[in-house]
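A.B. asks: Give the three-dimensional model of this entry:
(chains A and B)
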Amino acid sequence: MNVKLLYFGRPREMLATSGEIADLPAGVVDVAGLLAWLRERGGSWTTELADARVRCAVNQELGKLAAAIREGDEIAIFSPISGG
Amino acid sequence: MSISIQQHDFDLAAELEALRTQSAETGALVSFTGLVRDISDSEKIESIYLEHYPHMCEKALEKIISEAKQRWSLLGVRVIHRIGELKPNEQIVLVATASTHRVDAFAACEFIIDYLKTAAPFWKREQTRHGSHWLETHASDEQRMQRWFPEGEKND
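C.D. replies: Residues are numbered from 1 along each chain as shown, chains lettered A, B, ... in the order given. Below is the predicted model of the structure:
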């Protein structure tokens, strides 16, 4: 399943990437599963993408980590927002 | 165009003038301007850097303004949020509301900035002499936001 991943805030800086197209293995069905899969890359991916550190949006709507993901979704992973 | 996300500064007086003259029914004009403070957690701030999520940001702000328009009687709304590098005392954000009576303009202005702080995808990084760090949503901002949703009907 292909999805578009975007990173903002602290993860974008620490992972040194703003996004990627990822081909997720079968079994990754929600954002929490996606994060667990990304953490397997090790290093900053493991430390920066801990569940408690990040927030997410699926198709540009803020969501919980339990949010389901589907083929073609745009999933953004970021540190807690801090505008204004 | 009631929403702008931009790097360049805005002219507060010109923005308020535009909102003021939009309707002769306007009896109240309220605005909030957020600025870059030079001190944070007792550290001197040299600059801040603001990043945003294009498209989602505009959508989130449109949703916030449309919710405000459902709750209060508004004649006009203007929101400007800057991005990029900003120095202490520079303007970051403007929320301006126009209504027939002050109650609606006051409440809507406060609601929009409170909601923006917890739901609009912007990120702030502070640069001090010792390095930089990303700010996180303040618990006090979350609490202020919750006041507007007493029944817990906010579903995001």
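A.B. asks: mind checking the end-to-end distance for stretch B:137-151?
C.D. replies: 22 Å (CA to CA, to the nearest Å).
A.B. asks: What count of nearby residues applies to residue 20?
C.D. replies: You didn't say which chain, so I picked chain A. A:E20: 12 surrounding residues under other CB atoms under 10 Å in any protein chain shown. Using the backbone N, CA and C atoms, a C-beta is placed for each residue, glycine as well.
A.B. asks: ah, I was thinking of chain B
C.D. replies: With other CB under 10 Å as criterion, B:R20 counts 13.
A.B. asks: any idea where the strands of the chain begin and end?
C.D. replies: This is for chain A. In chain A, the strands defined using DSSP state E lie at A:2-8, A:19-23, A:55-58, A:61-63, A:74-78.
A.B. asks: Chain B was what I was after
C.D. replies: B:3-6, B:28-35, B:39-40, B:43-52, B:76-82, B:84-86, B:91-99, B:122-128, B:131-134.
A.B. asks: Minimum distance to A:D51: which of those strands has it?
C.D. replies: Evaluated over the strands of chain B, closeness to A:D51 peaks at strand B:131-134, with 17.4 Å, by CB to CB.
A.B. asks: could you say what helices and strands the closest one packs with?
C.D. replies: strand B:122-128 (3 or more CB pairs under 8 Å, 6 or more residues apart in numbering or on different chains; DSSP states H and E).
A.B. asks: could you check whether the lowest-mean-pLDDT helix or strand in chain B is close to chain A?
C.D. replies: Using mean pLDDT, DSSP states H and E, the weakest-scoring helix or strand in chain B turns out to be strand B:39-40, at a mean of 85. No - for a cut-off given as CB under 8 Å from any CB of the partner chain, strand B:39-40 has no contacts with chain A; the smallest distance is 11.4 Å.
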